[in-house]
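> no letters, just coordinates:
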């Protein structure tokens, strides 16, 4: 079980802006957006109360530039992050 972790799949960034300007590859990698694929139920915090995961399946989230664990399943790349 994922506990307080979230499984996400990165959304591929746009290659062009709405105005038609092509974005360089370095700018594309700066856009860290992902879709939540699965979440754990949550965990018990230090005071003993249950803390649910703050995101829901299907939501789009912003990712930190570093961290997360890469997982590959059936040629699809996913990442696991702590909530």
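Okay, I see it. All values derive from a computational prediction rather than experimental measurement. Numbers count the residues shown, from 1 in each chain.
> need the contact list for residue 67.
Counting by CB atoms under 8 Å, 6 or more residues apart in numbering, residue 67 touches residue 81. For glycine as for every other residue, the C-beta is placed from the backbone atoms N, C-alpha and C.
> so which helix or strand takes in it?
Counting by DSSP states H and E, no helix or strand carries residue 67.
> what about the strands in the protein?
Here the chain has its strands, by DSSP state E, at 5-10, 33-39, 42-44, 50-52, 60-62, 69-73, 76-82.
> mind checking how far the first one is from the chain centre?
Between the mean C-alpha point of strand 5-10 and the mean C-alpha point of its chain there is a distance of 4 Å (CA atoms, centre = their mean, to the nearest Å).
> which neighbouring elements make contact with it?
Counting contacts by 3 or more CB pairs under 8 Å, 6 or more residues apart in numbering; DSSP states H and E, strand 5-10 packs against strand 33-39, strand 76-82.
> circling back: name the stretch among the strands of the chain that sits most buried.
By mean neighbour count, with neighbours taken as mean count of other CB atoms under 10 Å, strand 5-10 ranks first of the strands of the chain at a mean of 19.
> contacts for it next, please.
Counting by CB under 8 Å, 6+ apart, 32-40, 53, 55, 61, 63, 68, 71, 76-83 sit against strand 5-10.
> and stretch 34-43, by the same measure?
1-11, 50-53, 55-61, 63, 78-79, 83.
> could you pull up the residues touching residue 33?
Residue 33 touches 10-11, 13, 60-63, counting by CB under 8 Å, 6+ apart.
> next, format those as TSV and append distance to residue 21 and pLDDT.
Listed next are these as TSV, based on distance: CB to CB, whole Å; pLDDT from 0 to 100:
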residue	distance to residue 21	pLDDT
10	22	89
11	20	85
13	14	64
60	23	93
61	26	93
62	22	90
63	24	89
